[in-house]
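**Q** Here is my input; please provide its structure:
(one chain, ligands or ions: 2)
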Amino acid sequence: MIELAGLTKRYGRTTAVQDLTFSVRPGVVTGFLGPNGSGKSTTMRMILGLDHPSAGQVRIDGRRYHQLADPLTHIGALLEAKAVHPGRTAYHHLLCLAQSNDIPLRRIDDVLDLVGLAGVAKKRPKGFSLGMGQRLGIASALLGDPRILMFDEPVNGLDPEGIQWIRNLMKRLAAEGRTVFVSSHLMSEMALTADHLIVIGQGRLLADTSMARFIEENARTFVRVRSPDHERLRAALERAGGRPRQCPDGSLEIEDLPAARVGELAAENDVVLHELSHQQASLEEAFMRLTHESVEYHARAGR
Ligand SMILES: Nc1ncnc2c1ncn2[C@@H]1O[C@H](COP(=O)(O)OP(=O)(O)OP(=O)(O)O)[C@@H](O)[C@H]1O
Ligand SMILES: [Mg+2]
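**A** Ligands and ions are numbered 1, 2, ... in the order given. Below is the predicted model of the structure:
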């Protein structure tokens, strides 16, 4: 379990993280979402003791990072995939970490296998592709078989196969009862991966909720219907208590009648339908609405 209480970080006049209080629990994947520059990496660095909080505190299973003996066996993290010595082989990179954390050397082959790098164990990472670099970073995080794992934007720059692999790995780690904390600025990715969500904007907490509840509260669902005779259809829907909304493309949107009822009403009134579909507004829209006020760097329109 990771616990943050009133965590704050100021760099000169910039407040990167402001009064963050939340817990990351075991057994689920917790997504850490926020627009670029919202303070995700700064928060993760403070969890690992790489940055000192200006105020507040972080506890990992009740202790500060530097109070953990052999920290890699408690918490494994991927913050920056390029943080490896380019001239040291993948095997030797892991060997160095294992020896300094009292980790049995057989774990090195295990994790290289697990991340699919066994074939390039004797190669130097300077020739690695982006995806291979991420995999080596993940191998380092898993090396100490820790109960807590933290990944900062692990899917950045990966191909669909790599993204799916990381997604499944995180789910598996959580299913084993571990604490999995993963950051992203993409709602669509988190919707497929996370069970719980922490959303921040300009360093402040905006939401701490289960993914199911976030979807329930934010994903507007409606029925879209299209007909060459939409005036008659509209009248029939209104008689049944619906409030159809006319869209610029000629279709009607109905939030208060289910698709089946709309189809039945059309049939009863001999109205031909060209489309009858169930729609869900994207979570990306909900995330943008939530964070809109706090986006650090807006693109200027028209440029
Ligand atoms: N070492 C530093 N010195 C000064 N300002 C910093 C430093 N590190 C981060 N910041 C500032 O703190 C804010 C939060 O940055 P951070 O990198 O934590 O955001 P992020 O959510 O990880 O963004 P991204 O999605 O782009 O990775 C930004 O305004 C950034 O410019
Ligand atoms: Mg970041």
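**Q** Show me which residues of the chain sit near ligand 2.
**A** Residues of the chain lying close to ligand 2 (CB under 5 Å from the ion) are 40-41. C-beta coordinates here come from the backbone N, C-alpha and C atoms, glycine included.
**Q** For the chain, which segments count as strands?
**A** Applying DSSP state E to the chain gives strands spanning 2-11, 14-24, 29-33, 55-60, 75-78, 148-152, 179-184, 196-201, 204-210, 221-226, 245-246, 252-254, 275-280.
**Q** Need the per-residue pLDDT for whichever residue of the stretch 51-200 of the chain sits closest to ligand 1.
**A** Going by CB to the nearest ligand atom, ligand 1 is nearest to His185 of the stretch 51-200 of the chain, at 4.6 Å. Looking at His185, its pLDDT is 86.
**Q** and the strands of the chain as JSON lines, adding mean neighbour count?
**A** Below are the strands of the chain laid out as JSON lines (neighbours: other CB atoms under 10 Å):
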{"stretch": "strand 2-11", "mean neighbour count": "17"}
{"stretch": "strand 14-24", "mean neighbour count": "18"}
{"stretch": "strand 29-33", "mean neighbour count": "27"}
{"stretch": "strand 55-60", "mean neighbour count": "17"}
{"stretch": "strand 75-78", "mean neighbour count": "24"}
{"stretch": "strand 148-152", "mean neighbour count": "23"}
{"stretch": "strand 179-184", "mean neighbour count": "25"}
{"stretch": "strand 196-201", "mean neighbour count": "24"}
{"stretch": "strand 204-210", "mean neighbour count": "17"}
{"stretch": "strand 221-226", "mean neighbour count": "19"}
{"stretch": "strand 245-246", "mean neighbour count": "12"}
{"stretch": "strand 252-254", "mean neighbour count": "19"}
{"stretch": "strand 275-280", "mean neighbour count": "12"}
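**Q** thinking again about what came up before, so what's the residue of the stretch 51-200 of the chain closest to ligand 1 up against?
**A** Applying CB atoms under 8 Å, 6 or more residues apart in numbering, we find His185 in contact with 33-36, 38, 40, 153.
**Q** again, only using 6 Å
**A** 35-36 (CB atoms under 6 Å, 6 or more residues apart in numbering).
**Q** before we move on, what about Asp102?
**A** Asp70.
**Q** Have a look at this structure and report its longest helix.
**A** helix 160-175 (DSSP state H).
**Q** any idea of the mean pLDDT in that one?
**A** Helix 160-175 comes out at a mean pLDDT of 93.
**Q** Can I get the strands of the chain in a markdown table including distance to Ile103?
**A** Shown next, in a markdown table, are these (distance: least, CB to CB, whole Å):
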| stretch | distance to Ile103 |
| --- | --- |
| strand 2-11 | 21 |
| strand 14-24 | 23 |
| strand 29-33 | 24 |
| strand 55-60 | 18 |
| strand 75-78 | 11 |
| strand 148-152 | 15 |
| strand 179-184 | 19 |
| strand 196-201 | 29 |
| strand 204-210 | 33 |
| strand 221-226 | 49 |
| strand 245-246 | 60 |
| strand 252-254 | 57 |
| strand 275-280 | 45 |
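**Q** among the ones you listed, which is nearest Arg106?
**A** Ranking the strands of the chain by proximity to Arg106 (CB to CB) places strand 75-78 first, at 17.0 Å.
**Q** can that closest one be found next to ligand 1?
**A** No. Contact between strand 75-78 and ligand 1 is absent, the nearest approach being 13.3 Å (criterion: CB under 6 Å from any ligand atom).
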